[in-house]
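Colleague: fold the following, please.
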Amino acid sequence: MALYSGIVPPERLAATRAWFVAHFRNPGASLVVGLKKNYRELLDQRAGLGMPIMFYWAFTEIYKMDTAEAAHLALSQTRERWANMVRFLQDVGTLSESFVNDQGGGMSESCHNYGSIPAYFLSSYLLGVRIEESLAHKRIVINPRPADLAKASGSVVTPFGPVPVAWQIHEGEWKLRFTVPDGISAEIRLPDVDAATLNWNDGVQGNPLVAGRNTVIMLGSGTHELRVKTKHRPSTAPK
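Modeller: As a prediction, the model looks like this:
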């Protein structure tokens, strides 16, 4: 929460992130509002995150790190933590208030907004469609983080309309197709690619900029397709 609130001094940011990554997967501890708790003991035990709702802040901070390793960590935690909600389907399946154990126990309310956390992050960071500015700018960001996946597709609902996105990685080439709604623009950020190999199938011309690990280009409305060489190497394990 200190990271999310922006109160960590810049000189301590890297160390705080490292501490967080090292400990957030530790076993959680019961902490119910209104009951007397020994907070110092929780800190001394390095208690980890044990409720789905906490992963909104966890995944937000992990994706802020903007590394291939961070994207893989967020996706692997989604698979691990939410697997039993899917395995032991109850009601809507993945919306339990609490995490479900290997025997199907531990679930409290089985239709609860706490369990929906992955829906936002799979849309905003795996497919990569999100808004980072005021709606008055009429601009979206498309910034997929593939992690170890070879392909993904879906349609992300935005205030400007749905944004369909599909991408796949094969033999070091990343192919993407997406539609930018009418009347707005999109800032495309492609991590860990070779900007010199960008090829736009719809004839778009542009001058990509390199910002850190991202190749950035601005596009207008319409359906766009591109191909580019990438450093991402998908896992061959089933997903």
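Colleague: helices or strands next to the strand or helix carrying Phe178 in the packing?
Modeller: In the assignment (DSSP states H and E), Phe178 maps to strand 173-180. Other elements packing on strand 173-180 under the criterion 3 or more CB pairs under 8 Å, 6 or more residues apart in numbering; DSSP states H and E are strand 139-142, strand 161-170, strand 185-191, strand 222-229. Any C-beta I mention is one placed from the backbone N, CA and C, and that applies to glycine too.
Colleague: now the first one: mean pLDDT?
Modeller: What it means is strand 139-142. Mean pLDDT, strand 139-142: 98.
Colleague: is Ala186 in a bridge, and if so with what?
Modeller: Ile140, Leu219 (DSSP bridges).
Colleague: hang on, isn't it packed against Ile142?
Modeller: Yes. With contact defined as CB atoms under 8 Å, Ala186 counts as touching Ile142 (5.4 Å).
Colleague: what sits in contact with each of those two?
Modeller: Jointly contacting Ala186 and Ile142 under the rule CB atoms under 8 Å, 6 or more residues apart in numbering are Phe178, Val180.
Colleague: turn the helices and strands packed on strand 173-180 into JSON lines, including mean neighbour count and distance to Ile53.
Modeller: Putting those into JSON lines (neighbours: other CB atoms under 10 Å; distance: least, CB to CB, whole Å) gives the following:
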{"stretch": "strand 139-142", "mean neighbour count": "20", "distance to Ile53": "25"}
{"stretch": "strand 161-170", "mean neighbour count": "17", "distance to Ile53": "26"}
{"stretch": "strand 185-191", "mean neighbour count": "20", "distance to Ile53": "28"}
{"stretch": "strand 222-229", "mean neighbour count": "16", "distance to Ile53": "36"}
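Colleague: can you tell which of the ones you listed is closest to Ala47?
Modeller: Set against Ala47 and scored by CB to CB, those come closest in strand 185-191, at 32.5 Å.
Colleague: now the end-to-end length of stretch 199-219.
Modeller: 14 Å (CA to CA, to the nearest Å).
Colleague: check which residues of it are buried.
Modeller: Pro208, Asn214, Thr215, Val216, Ile217, Leu219 (16 or more other CB atoms under 10 Å).
Colleague: and the furthest pair within those residues?
Modeller: Asn214 and Leu219 (14.7 Å).
Colleague: before we move on, the earlier item: can you tell which of the helices and strands packed on strand 173-180 is closest to Arg130?
Modeller: strand 139-142 (5.4 Å).
Colleague: lowest-pLDDT helix or strand in the chain?
Modeller: Ranking every helix and strand in the chain by mean pLDDT, DSSP states H and E puts helix 39-44 at the bottom, with a mean of 78.
Colleague: what's downstream of that one, the next helix or strand?
Modeller: Downstream of helix 39-44, the first helix or strand assigned by DSSP H and E is helix 54-64.
Colleague: pull the CA atoms of the next helix or strand after that following helix into PDB?
Modeller: For helix 54-64, the following helix or strand on the C-terminal side (DSSP H and E) is helix 68-87. What follows is helix 68-87 as a C-alpha-only set of coordinates in PDB (Å, rounded to 0.1, in the frame of the first residue of the first chain):
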ATOM      1  CA  ALA A  68       9.000  -9.300 -18.700                       C
ATOM      2  CA  GLU A  69       9.600 -11.000 -15.300                       C
ATOM      3  CA  ALA A  70       6.900  -8.900 -13.600                       C
ATOM      4  CA  ALA A  71       4.400  -9.800 -16.300                       C
ATOM      5  CA  HIS A  72       5.100 -13.500 -15.900                       C
ATOM      6  CA  LEU A  73       4.800 -13.200 -12.100                       C
ATOM      7  CA  ALA A  74       1.400 -11.500 -12.400                       C
ATOM      8  CA  LEU A  75       0.100 -14.200 -14.800                       C
ATOM      9  CA  SER A  76       1.500 -17.100 -12.800                       C
ATOM     10  CA  GLN A  77      -0.100 -15.800  -9.600                       C
ATOM     11  CA  THR A  78      -3.400 -15.500 -11.500                       C
ATOM     12  CA  ARG A  79      -3.200 -19.100 -12.600                       C
ATOM     13  CA  GLU A  80      -2.100 -20.300  -9.100                       C
ATOM     14  CA  ARG A  81      -4.500 -18.300  -6.900                       C
ATOM     15  CA  TRP A  82      -7.600 -18.600  -9.000                       C
ATOM     16  CA  ALA A  83      -7.200 -22.200 -10.200                       C
ATOM     17  CA  ASN A  84      -9.400 -23.700  -7.600                       C
ATOM     18  CA  MET A  85     -12.200 -21.200  -8.100                       C
ATOM     19  CA  VAL A  86     -12.400 -22.500 -11.600                       C
ATOM     20  CA  ARG A  87     -11.900 -26.100 -10.600                       C
END
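Colleague: if anything else comes up later, I'll come back, but that's it for now.
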